[in-house]
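K.L.:
quick check, what structure comes out for this input:
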Amino acid sequence: MKKIALFLLLFLSGCVVAGDFPEDRNRLHSLGQDEGYCEKNPDRCVKGVPW
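P.N.:
From the prediction side, this is the model:
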């Protein structure tokens, strides 16, 4: 019974809304996707794709 309760607790605590990230995470994800990024930072791009 304790194992089931622990599993349920861990399962419910891991549930999140898909795509609902904090603002700092969204900024990190969109880093380098602005237009002209590769022109401004050619050393951070490979064939026009930021890395």
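K.L.:
give me the mean pLDDT for the helix ranked longest in the chain.
P.N.:
Across the chain, the longest stretch assigned as helix under DSSP state H is helix 2-13. The pLDDT scores in helix 2-13 average 82.
K.L.:
helix or strand next in line after it, which one?
P.N.:
Sequence-wise, the next helix or strand downstream of helix 2-13 (DSSP states H and E) is helix 23-29.
K.L.:
got any ranges where this protein has weak pLDDT?
P.N.:
Judged against pLDDT under 70, the low-scoring parts of the chain cover residues 14-16, 32-33.
K.L.:
mind redoing it with 90?
P.N.:
1-42, 44-51 (pLDDT under 90).
K.L.:
now G48. Nearest residue, chain neighbours left out?
P.N.:
Nearest residue to G48 in three dimensions, chain neighbours excluded: C38, at 5.5 Å (Cβ to Cβ, 6 or more residues apart in numbering). (Glycine included, C-beta is placed from N, CA and C.)
K.L.:
list the helices and strands the helix or strand harbouring that neighbour packs on?
P.N.:
For C38, the host element (DSSP H and E) is helix 37-40. Contact analysis of helix 37-40 by 3 or more Cβ pairs under 8 Å, 6 or more residues apart in numbering; DSSP states H and E lists strand 49-50 as its packing neighbours.
K.L.:
kindly recompute the last result at 6 Å.
P.N.:
Helix 37-40 is packed against no helix or strand, with contacts defined by 3 or more Cβ pairs under 6 Å, 6 or more residues apart in numbering; DSSP states H and E.
K.L.:
identify the residues contacting stretch 20-27?
P.N.:
Residues lying outside stretch 20-27 but in contact with it, judged by Cβ atoms under 6 Å, 6 or more residues apart in numbering, are absent altogether.
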